[in-house]
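>>> Dropping a prediction and its sequence here:
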Amino acid sequence: MKTLPSGANLDHLKKQAKELLRLYRDVDATAISRFIDNLPAAAQRTPDDVIALGLRLHDAQSCIAREYGFASWAELRLYVESRAVQREQQDLIRHWLGLAYCGDVVGRYDAARPRVAAQVLRDHPGLPSSDVSVACAAGQLDVIARAVSADPDWINRADGPLNLPPLVAVTHSRLGQLPQFAERLRDCARFLLQAGANPNQRIGNRYPPASLASPHESEPLSALYGAAGVNRDAVLTEMLLTAGANPNDGESLYHSLEEPACTRVLLQHGARVGGTNALRRALDMPNPVALELLLAHGGDPNEPVEAGPTTTWGPPLLRAIAVRRSARHIAALLAAGADPQARTPGGVSAWRLAMQTGLREVADLLRAAGANDALSAEDEFVAACARADAGEARRIQARRPDLPRSLPEDQLRLLPDTAAWGSGDAIKVMVELDWPIAARGGDWDATALNHAVLRGDAELTAFLLANGASWRETHGFGADVLGTLSWASINEPAGVEHGDWIGCARALVAHGLPDMAHDPADAERLLIDGRSMRFSEGVAQALLPDDRATSKPD
């Protein structure tokens with residue numbers, strides 16, 4: 001890994017990236033090798049394959065950032081800007097805490113940047129000693145011990161720039177996601193608990209529209225939630241529960257499911273499944289372990305439907321089929337007592353839904369469990385589309401030329417639902433058979449284009465746009481496709497691997513997106529149609545006319 005020079009500035013780094021891109025376009029072997037060594041998209045490819053990728057300026061910037069040990073150009077930029085500003089000590093502390101904690105603690109939309117926080121600590125090794133709030137987030141045990149010795153009551157008192165009780169400050173620090181800090185933070189939590197810290201310390205959620213000054217007290221964020229739901233540290237979770245933390249804090253179980261080891265510990269210590277919505281959240285996980293754990297600890301496989309975006313499908317079994325979970329998911333639900341005869345609110349049986357979504361193995365499980373239904377011609381057409389069987393779908397359409405336009409809404413939504421689960425081949429069959437491209441579906445009542453952009457599926461985005469989809473298509477939260485791109489590029493949704501939101505931006509530009517410009521009131525936002533919007537840096541570059549020109553080959 002290269003060491004960033006002490007005098008590095010952003011303009012110089014941008015020039016490095018442009019020079020790297022120039023050399024790459026000149027087929028310079030060293031430049032191509034740098035991309036292979038540092039850029040995930042180019043890893044393990046041959047030089048010819050890397051040349052064929054047609055890499056752009058943002059790729060060169062990402063390569064430069066990774067050479068210096070950063071995960072992205074945005075992190076490198078943030079670090080350079082942090083180092084360039086001559087800050088007063090208190091300003092530096094506040095800035096650093098903003099890197100260490102996420103928006104629900106800080107009161108902003110910004111995500112935590114633990115790697116940048118770690119880099120800043122290397123530049124300012126004395127920072128934790130200067131402020132116990134920093135010590136809590138950085139896992140500096142000696143500073144915490146001195147604070148307790150000087151003022152024993154501090155151990156259970158909200159304090160510091162972010163008004164955090166010490167145990168919450170430790171467990172919510174995103175530096176816990178870095179191996180070199182995880183054990184240090186556990187040591188701090190262990191010390192605080194042994195010294196008498198209340199294991200149920202908590203704060204109100206500060207995420208906007210709440211704020212640091214006016215937290216949302218009805219949405220408490222406990223120390224346990226920091227361990228199990230934020231950093232998903234099973235060791236720290238066990239430590240808090242053993243000390244008496246309440247496993248039924250309303251957040252921890254639901255947010256632990258991405259790390260089943262945390263889920264298991266919570267359940268072993270008495271976490272209740274009912275009323276948490278955790279069972280339905282487990283159906284979002286491709287790995288069935290979390291679902292199996294919840295069912296083994298009292299989760300109701302026929303859990304009544306609560307009002308919300310997932311009510312379209314009814315009981316958990318129907319939702320599991322609708323979001324195309326594995327046969328193992330379905331088998332677990334059936335073994336726990338899920339009703340194989342369950343129907344959606346629209347009257348579609350579990351077996352028919354499995355067939356309509358192309359899940360033959362799941363349909364067989366349901367048949368074996370006693371489901372006894374049949375498919376109409378419309379169902380057969382939908383099922384053929386779902387499994388991308390264009391030949392069979394066309395044969396049915398030849399007999400029924402009114403298809404797919406005559407299908408009811410609960411079947412027309414197969415197009416956006418399919419986009420949500422990422423089956424591009426099936427979508428292409430449906431679009432070629434004249435499926436209404438603006439049909440809405442999925443958990444957030446969105447069009448296929450919105451779902452493709454959320455997943456960062458640039459190829460599918462380009463295909464849908466080429467076949468008449470519009471960036472102005474809205475979704476259930478009221479925004480259009482640009483709003484989806486904004487949120488996805490900044491937050492990078494959980495469960496999406498290798499999302500190409502920059503490629504989605506290029507596809508939108510190529511299909512008639514109006515020109516954007518920098519917002520003069522905020523350098524980090526762009527203006528379009530009078531709206532001020534924020535995107536990730538790479539996406540913003542792809543959207544801006546001047547940066548598009550920079551990205552073109554010489």
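Cool, the structure landed.
>>> Test my guess that P416 contacts A438.
No. Using C-beta atoms under 8 Å, P416 is not in contact with A438, being 9.1 Å away. C-beta: built from backbone N, CA, C; applies to glycine.
>>> Overlap in contacts, the two.
Contact criterion C-beta atoms under 8 Å, 6 or more residues apart in numbering; residues bridging P416 and A438 by contacting each: T447.
>>> and the two? which has more neighbours close in?
Set side by side, P416 and A438 show more neighbours around P416, with 26 against 16, by other C-beta atoms under 10 Å.
>>> sec struct for that one, please.
helix (DSSP: H, G, I helix; E, B strand; the rest coil).
>>> quick one: contacts for it?
A439, R440, G441, G442, A446, T447, A448, N450, H451.
>>> Could you do R115 as well?
R115 touches F70, A71, E75, L178, counting by C-beta under 8 Å, 6+ apart.
>>> Distance-wise, check it relative to G226.
19 Å (C-beta to C-beta, to the nearest Å).
>>> Which of the contacts of P416 fall within strands?
Using DSSP state E, the members of these that fall in strands are R440, G441, A446, T447.
>>> Need the buried ones from those selected in ChimeraX.
Here is the ChimeraX command that selects the buried residues among the ones in strands among the contacts of P416 (16 or more other C-beta atoms under 10 Å):
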select :440,441,446,447
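>>> Turn the ones in strands among the contacts of P416 into JSON lines, including pLDDT and distance to R232.
Listed next are the ones in strands among the contacts of P416 as JSON lines, based on pLDDT from 0 to 100; distance: C-beta to C-beta, whole Å:
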{"residue": "R440", "pLDDT": "93", "distance to R232": "33"}
{"residue": "G441", "pLDDT": "88", "distance to R232": "30"}
{"residue": "A446", "pLDDT": "94", "distance to R232": "28"}
{"residue": "T447", "pLDDT": "96", "distance to R232": "33"}
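>>> which of the ones in strands among the contacts of P416 sit farthest apart?
G441 and T447 (8.3 Å; C-beta to C-beta).
>>> The nearest residue to A517 once chain neighbours are set aside: neighbour count?
Excluding its sequence neighbours, the residue lying closest to A517 (C-beta to C-beta, 6 or more residues apart in numbering) is L527, at 5.1 Å. When neighbours are counted by other C-beta under 10 Å, L527 registers 16.
>>> Surely L527 touches M516?
Yes. Using C-beta under 8 Å, L527 is in contact with M516, at 6.5 Å.
>>> all helices of the stretch 51-200 of the chain, in order?
For the stretch 51-200 of the chain, the helices defined by DSSP state H, counting those that start in this stretch cover 57-67, 73-84, 89-100, 103-106, 114-123, 127-130, 132-138, 141-150, 166-171, 179-194.
>>> what's the most buried one of those helices?
helix 166-171 (a mean of 30; mean count of other C-beta atoms under 10 Å).
>>> Contacts for that helix, please.
For helix 166-171, the surrounding residues in contact (C-beta under 8 Å, 6+ apart) are 132-133, 136-137, 139, 144, 147, 154-156, 159-160, 162, 185, 188-189, 192-193, 197-199, 201-203, 221-227, 230-231, 236, 240.
>>> quick one: the residue nearest to S72 when sequence neighbours are not counted from Q140, how far?
Of all residues not flanking S72 in the chain, A65 sits nearest, at 5.8 Å (C-beta to C-beta, 6+ apart). Distance of A65 to Q140, computed by C-beta to C-beta: 28 Å.
>>> any idea where the helices of the stretch 251-400 of the chain begin and end?
With DSSP H, counting those that start in this stretch as the criterion, the stretch 251-400 of the chain has helices at 252-256, 260-268, 278-282, 289-296, 316-322, 327-335, 350-356, 360-368, 377-386, 390-399.
>>> Now do the same for the last one: mean pLDDT, whole number.
Spelled out, that is helix 390-399. On average, the pLDDT along helix 390-399 is 95.
>>> Please apply the same query to the first one.
Mean pLDDT, computed over helix 252-256, is 96.
>>> And it, how far out from the chain middle?
15 Å (C-alpha atoms, centre = their mean, to the nearest Å).
>>> Dump it to CSV, keeping only the CA atoms.
C-alpha atoms of helix 252-256 as CSV (Å, rounded to 0.1, in the frame of the first residue of the first chain):
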residue,chain,number,x,y,z
SER,A,252,-31.8,-5.5,18.5
LEU,A,253,-33.4,-8.7,17.2
TYR,A,254,-34.7,-7.2,14.0
HIS,A,255,-31.3,-5.6,13.1
SER,A,256,-29.2,-8.6,14.2
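>>> right, and the secondary structure at G204 would be what?
Once three-state DSSP is applied, G204 turns out strand.
>>> wait, doesn't it sit right on A213?
No. Using C-beta under 8 Å as the test, G204 is too far from A213 to be in contact (10.9 Å).
>>> out of these two, which sits in the more crowded spot?
G204 (16 against 8).
>>> Pull up the gap between that one and A43, please.
Taking C-beta to C-beta, one finds G204 at 43 Å from A43.
>>> and what of L175?
L175 sits at a distance of 27 Å from A43 (criterion: C-beta to C-beta).
>>> Domain ranges for the protein, per the record?
10-79, 126-264, 289-355, 377-551 (automatic domain parsing).
>>> thinking again about what came up before, among the helices of the stretch 251-400 of the chain, which comes closest to A510?
Checking the helices of the stretch 251-400 of the chain against A510 by C-beta to C-beta gives helix 390-399 as the closest, at 26.2 Å.
>>> what's the next helix or strand along the chain from that closest one packed up against?
Using DSSP states H and E, the helix or strand that follows helix 390-399 in sequence is helix 409-412. Judged by 3 or more C-beta pairs under 8 Å, 6 or more residues apart in numbering; DSSP states H and E, helix 409-412 is in contact with no other helix or strand.
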